[in-house]
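J.: Sequence first, predicted model second:
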Protein chains: 2
Amino acid sequence: MAATLREVAERAGVSVRTVSNVVNDFPQVATETRARVQRALDELGYQPNAVARTLRNGRSGLIALVLPELDVPYFAELTRAVIEQAAVAGYTVVVDQTDGDPVRERELVMRGSRAAMFDGLIFNPLALGGADLRNRASSTPVVLLGERVVQGGLDHIMIDNVGAAELATRHLIELGRQRIAAIGDQFDETRQTGQLRTQGYRAALRAAGRQVIPELVRPTEYFHRADGAAAMADLLALPELPDAVFCYNDLLALGALRTILSRGLRVPDDIALVGFDDIEDGRYSTPSLTTISPDKTQIAKNAVQLLLNRLDGDSSAPAELPADYTLQIRESTTGQDASR
Amino acid sequence: MAATLREVAERAGVSVRTVSNVVNDFPQVATETRARVQRALDELGYQPNAVARTLRNGRSGLIALVLPELDVPYFAELTRAVIEQAAVAGYTVVVDQTDGDPVRERELVMRGSRAAMFDGLIFNPLALGGADLRNRASSTPVVLLGERVVQGGLDHIMIDNVGAAELATRHLIELGRQRIAAIGDQFDETRQTGQLRTQGYRAALRAAGRQVIPELVRPTEYFHRADGAAAMADLLALPELPDAVFCYNDLLALGALRTILSRGLRVPDDIALVGFDDIEDGRYSTPSLTTISPDKTQIAKNAVQLLLNRLDGDSSAPAELPADYTLQIRESTTGQDASR
DNA sequence: AGCACTACTTGCAACGTTGCAAGCCCAGCA
DNA sequence: TGCTGGGCTTGCAACGTTGCAAGTAGTGCT
C-alpha cells in the first residue's frame, strides 16, 4: 500500500534519486521533470518512510518525555507545556509513563533499545538515582526534570524545594497559625522531594523561633489524594488539632480538604491549607487552594532548549537550571482569592 | 558511541550474522562461540538499533495514542489504562496531544509521515470527521475512540451517549427535581458529544412527561472547568433557579459546583449536580460528584485488542464496540456517597 | 574410504532513504 | 570541429539489521 520512491520513479520514468530530489525540494530539477514526478507522487499518494529516513539521517524528529504518572495533573500540565515548546522547534513529543517502576525507567532511559527511536529524552525520574544514571549505556542526550537530587553529570532542571517549602510555611506563620502540620514527608532514599520540603518546613519554623512537633509531620507513601485524605484523618485524631497544614502537593491538599470538610470543620477558619504545584483542580476547589506555583512554562522551555542544544552538538558542562516559583494566595489560607 | 553488530563481530572474530544470532537467542550457536560473542557484546555495551530493526522487520513495537488534551483528567486516566493494556502485549504506547487542532490531527493521523513510525494508532478525534478519515493516505491501522460519530468504515469504540445522558437525567427526575438544567450543549457540527447528550437529556424529560425549557440548556464552547463555572453563573442569573443540573462532563460540573458554593447555595440541598466521566477529582470534591462512569479499562482493553488484531492481519469488517457505563451515585445528588 | 548427515557459520541481499561524485547532454565559443 | 561549462540526472554505497540459502567442517555409518 505505502508507495516507495522506487515505485514513484518507475511510474514517472526517472531515477529514484530524482524523485528524492523532488520530494526534498532540491532546486536542480527541471521544471518539466518536477511536474511529471509530482504527478506520480500524487497519483500513488507517496508518503516518505520516516523509519528509513531516520536510519539514513540519524534524526527522527521525536523527543521522548518520560514521566512517572500522566494522570497526576502536575505532570499532565507540564506535558502540555513541553509539547508546545518542542513544537516550536519542529519536534514531536512522545510521552511515556513509568509509574516510577525502576524496571520501566531503566528500559526506557538506560538501555538504548527503545530510547534509540528518539533524538533526545526529557526524564523525570522517580526510582532511578544518580548512580544508575551515571553509567547509562545509551548516548541519547537526556535532560532531567524534577526534585530528585541527581548528581549524574547530566543537565537538570529543578526548583528550589527547600526555599519554596520555607516560603509556604512562612506564609502560614505570618497568618498567625500556631500548630502548623505538614503532610508528605518521605524516608525512602529514592524519594527526596518529601525530605527537601520537610527541610524547608523546619527551617521556616526554626526561623520563627518555633519548635518542630514530630507528630505534626506526617509521612505518606505517595502524593495522591487518598494519601492526603488519610494523613489528614490521622491529624484530626490527635488530642490537639493543627490549625494549619502544609501539604507537599496539591493532590495531598485536596485529599486533606475533603477530610476536613467532611468532619464539619472549616477552611481556612479552623484549618488553613497550603499546597504545592498549582494544578487547575486547586483553582476550582471550594475553597480555592493557596499553593506554590512553579513556572511550568519556564521549566518546559528550559528543558527543551537544553536538549536541543545538546542535539546541536553542544558539549559544554552539564547545566543545573533552577526554575522560578511564586506563592499563589487563595481562599484556603486567607478566605480571599488574590489570583483571580 | 553506540556499537553496531559489525563492531562486535570484528572484536569477537566472527561474522555479523553470528552476532545477530547470539543477540536474538538463536539456538544454532556453539556454546563456546556464544560465550565469546557475549563477552564482546558486553565489553562494547552493544544495544540493538531500534530504527534499523524497524526498517528491516516492518514492526516498531510502538503504538500511538492521539488525544485532544492530556491535561483533561478523563484522557489522562484513559491513557493510563491504554498504556497498561498495551504493555501486556509487549507494546509501548506513545502519546500525542492535538488540542483538537485539525492541522495537527491531520498531520499525525492522516498523512503517514509521522504516523509511519508506529505500528498502529488509537485516535480520539475532535476536529476530523468521517469524511476526512475515509480517505486516509496512510495504511497504518487505526482504532477510533470517543463520542464523535464517525462513519468511516473504521474500528470504533464509543459509549452510548444518548442512553447514558438519559440515565443521568432520569436519576435527577427520580429524586423529585423539578427544574433540571443541562450544561454542555454544542452546535458545532464537529462536536457531537454535546448534541448526543442533549438528546438523552430531552428523551428523559419527555419520558417523564416534562417540558424541555430552552433557557435551561446551556451551550459551552469547551468542556473545561471555566466553561462550567460561567454557564452556572448564567443559570443563577435566571429569574427562576434550577434545582438540578446535568453537566456533560465532570470538569463542567466541578466548575459549576465552585460557582454554586461561592454564591452560598448548597449542593445537593438547593441544587443537585450530575457529571460525566467519573474522574478522580470528582470523587474527592466536597460534595463528591454523582457521575456517569464509563468503563475506561474496558475501553482501553478493547481498543488495544482491536488494534492488535489488525496488526495480526485481521481484515474482517470494522467493528463498532460499545463500552459499558454505570451511574455512580454520590453526595452531589443524594448527600450520600454510595461508591465508597 | 566414501557418503550422508548434523552442527554450526557465513555471504548476500534487502528494508527505503539520501550524500557523494560522476555522468550525460547540449549550448556556446574559439 | 573540438573543447568547456552548466544544467540536469543518475548509480553507487551506506545507515544497521535480519531472512534466506549456501557454505564448511566434523561425525558416524556402511
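T.: All right, it came through fine.

J.: I'd like the mean pLDDT over whichever strand or helix holds residue A:132, please.
T.: Residue A:132 belongs to helix A:130-134 when elements are defined using DSSP states H and E. Average pLDDT, helix A:130-134: 69.

J.: tell me, how many neighbours does the closest residue to DNA strand D within the stretch 51-200 of chain A end up with?
T.: DNA strand D sits closest to residue A:56 of the stretch 51-200 of chain A, with a gap of 3.8 Å, by CB to the nearest atom of the strand. The way it works is simple: take the backbone N, C-alpha and C, and place the C-beta from them, glycine included. Number of residues near residue A:56 (other CB atoms under 10 Å in any protein chain shown) recorded here: 11.

J.: What is the burial count for residue A:238?
T.: That count, for residue A:238 with other CB under 10 Å as the rule, works out to 13.

J.: What of the one 10 residues further on?
T.: Using other CB under 10 Å, residue A:248 has 33 other residues around it.

J.: cool, and residue A:17?
T.: Number of residues near residue A:17 (other CB under 10 Å) recorded here: 10.

J.: Am I right that it is in a helix?
T.: Yes. Assigned with DSSP: H, G, I helix; E, B strand; the rest coil, residue A:17 falls within a helix.

J.: hmm, back to that, how much space separates the residue of the stretch 51-200 of chain A closest to DNA strand D from residue B:48?
T.: 18 Å (CB to CB, to the nearest Å).

J.: With residue A:260 instead?
T.: Taken as CB to CB, the span from residue A:260 to residue B:48 is 54 Å.

J.: between the two, who's got more neighbours?
T.: residue A:260 (24 against 17).

J.: Please identify the residues of chain A in proximity to DNA strand C?
T.: A:2, A:4-6, A:16-17, A:20, A:23-24, A:46, A:48-49, A:52-53, A:55-57 (CB under 7 Å from any atom of the strand).

J.: for the one residue in the stretch 151-300 of chain A that gets nearest to DNA strand C, what are its contacts?
T.: For the stretch 151-300 of chain A and DNA strand C, the shortest gap (CB to the nearest atom of the strand) falls at residue A:155, measuring 28.3 Å. Shown in contact with residue A:155 (CB atoms under 8 Å, 6 or more residues apart in numbering or on different chains): A:141, A:142, A:143, A:144, A:306, A:307, A:310, A:318, A:319, A:320, A:321.

J.: rerun at 10 Å
T.: A:122, A:141-145, A:302-303, A:306-307, A:309-310, A:314, A:316-321 (CB atoms under 10 Å, 6 or more residues apart in numbering or on different chains).

J.: of those, buried ones?
T.: Among the contacts of residue A:155, those buried by neighbour count (16 or more other CB atoms under 10 Å in any protein chain shown) are A:122, A:141-145, A:302-303, A:306-307, A:309-310, A:321.

J.: what about the helices in the stretch 101-250 of chain A?
T.: A:102-105, A:112-115, A:130-134, A:161-174, A:192-207, A:225-236, A:250-262 (DSSP state H, counting those that start in this stretch).

J.: among the ones you listed, which gets the worst mean confidence?
T.: Among the helices of the stretch 101-250 of chain A, helix A:112-115 carries the lowest mean pLDDT (a mean of 58).

J.: Quick check: PyMOL command selecting the buried ones in the residues of chain A next to DNA strand C.
T.: Per 16+ other CB under 10 Å, the buried members of the residues of chain A next to DNA strand C correspond to this PyMOL selection:
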select buried, chain A and resi 2+4+5+23+46+48+49+52+53+55
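
J.: Return only those of the residues of chain A next to DNA strand C found close to chain B.
T.: A:2, A:46, A:48, A:49, A:52, A:53, A:55, A:56 (CB under 10 Å from any CB of the partner chain).

J.: For those, which two are the farthest from each other?
T.: A:46 and A:55 (18.4 Å; CB to CB).

J.: could you measure residue A:309 against chain B, distance?
T.: 18 Å (CB to the nearest CB, to the nearest Å).

J.: Pull the contacting residues for that residue.
T.: Going by CB under 10 Å, 6+ apart, residue A:309 touches A:141, A:143, A:155, A:315, A:316, A:319.

J.: So for these, which is the shakiest by pLDDT?
T.: For those, the pLDDT minimum is residue A:315, 79.

J.: List phi and psi for that residue.
T.: Residue A:315 adopts backbone torsions of phi -120, psi 30, taken as degrees, to the nearest 10.

J.: what's the burial count for it?
T.: There are 6 residues near residue A:315, going by other CB under 10 Å.

J.: Equivalent analysis for residue A:240, please.
T.: 10.

J.: was I right about residue A:201 contacting residue A:182?
T.: Yes. If you go by CB atoms under 10 Å, residue A:201 and residue A:182 touch, sitting 4.9 Å apart.
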